[in-house]
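Trainee: okay, structure incoming, though there's no sequence with it:
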């Protein structure tokens, strides 16, 4: 009788183990089928195609910038005492600098004339002085043509406001700088005496156009 009891007990244990095993397997299979439908975690790979809103349950919304928004702020209003000075340097390649006679000859050939303040000036077709040329060393005066002194370089500069034809004046200044560099076997430097490039020339044109536009708007006389 005792042996039969142990046999019945063993069969019961086996049945209970089988039921537990199959019930766990069924739960795992059901969980595996539901997993793809779950929401992707917030730490998924970022969307590289543009702006994308964050998940709604995060409480954060990222909006794409409006295409109608202005690209940049309007330029500041011009003031009456504001000035723009555009500068170029014609720099001697030799440490000896330019001879006084060579400077006078080259400046005259470039269309400049000696005048007030002891420097040279370029007169435009409207009768105004468009730009000037000074010694690169202070106080700016050039040595006398028959002097043994030399000049390390020539500084060309134009000032705004005050010119009726500013764009033509800048073109004339750039032309004179190239002419002087060729005649004196020199290099052209920007306002910081760095090599003058096409990009630097474009920046000068943009500065002039911006300044001229702001002052034309600020000080224009409204029509009656």
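Mentor: Thanks, I have the structure now. These figures come from a predicted structure and were not determined experimentally.
Trainee: pLDDT weak spots in this structure?
Mentor: 1-80, 217-224 (pLDDT under 70).
Trainee: could you pull out the strands for this protein?
Mentor: Under the criterion DSSP state E, the chain contains strands at 84-92, 98-99, 113-114, 120-123, 129-135, 150-151, 153-160, 186-189.
Trainee: just tell me which of those strands ends up closest to residue 171.
Mentor: Each of the strands of the chain has some distance to residue 171 by C-beta to C-beta; the shortest is strand 129-135, at 9.5 Å. All C-beta spots, glycine's among them, are computed from the backbone N, C-alpha and C.
Trainee: including mean neighbour count and distance to residue 214, could the strands of the chain go into CSV?
Mentor: Shown next, in CSV, are these (neighbours: other C-beta atoms under 10 Å; distance: least, C-beta to C-beta, whole Å):
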stretch, mean neighbour count, distance to residue 214
strand 84-92, 21, 10
strand 98-99, 22, 37
strand 113-114, 12, 32
strand 120-123, 20, 25
strand 129-135, 23, 20
strand 150-151, 20, 36
strand 153-160, 22, 11
strand 186-189, 19, 28
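Trainee: reformat those strands as a markdown table; add distance to residue 105.
Mentor: As requested, these are exported to a markdown table (distance: least, C-beta to C-beta, whole Å):
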| stretch | distance to residue 105 |
| --- | --- |
| strand 84-92 | 14 |
| strand 98-99 | 9 |
| strand 113-114 | 12 |
| strand 120-123 | 12 |
| strand 129-135 | 13 |
| strand 150-151 | 13 |
| strand 153-160 | 12 |
| strand 186-189 | 14 |
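Trainee: looking at the ones you listed, which is closest to residue 211?
Mentor: Closest among the strands of the chain, once you apply C-beta to C-beta, is strand 84-92, at 4.5 Å.
Trainee: could you give the angle of the closest one to strand 129-135?
Mentor: 40 degrees (axes from the mean of the first three to the mean of the last three C-alpha atoms, to 10 degrees).
Trainee: and strand 84-92, what other elements does it pack with?
Mentor: strand 153-160, helix 166-184, strand 186-189, helix 198-218 (3 or more C-beta pairs under 8 Å, 6 or more residues apart in numbering; DSSP states H and E).
Trainee: highest mean neighbour count out of these?
Mentor: The highest average neighbour count among the helices and strands packed on strand 84-92, using mean count of other C-beta atoms under 10 Å, belongs to strand 153-160 at a mean of 22.
Trainee: which residues are contacting that one?
Mentor: 83-92, 97-98, 103, 107, 130-137, 140, 166, 169-170, 173, 176-177, 180, 184, 186, 189, 208, 211-212, 215 (C-beta atoms under 8 Å, 6 or more residues apart in numbering).
Trainee: can we see that at 7 Å?
Mentor: 83-92, 103, 130-134, 136, 166, 169-170, 173, 176-177, 180, 208, 211-212 (C-beta atoms under 7 Å, 6 or more residues apart in numbering).
Trainee: how about the contacts made by residue 152?
Mentor: 92, 97, 136-137.
Trainee: for residue 142, which non-adjacent residue is closest in space?
Mentor: Excluding the flanking residues, the one nearest residue 142 by C-beta to C-beta, 6 or more residues apart in numbering is residue 135, at 5.0 Å.
Trainee: for the one you found, name its beta-bridge partners.
Mentor: Counting by DSSP bridges, residue 135 is bridged to residue 154.
Trainee: isn't it right next to residue 147, touching?
Mentor: No: using C-beta atoms under 7 Å, residue 135 is not in contact with residue 147, being 11.9 Å away.
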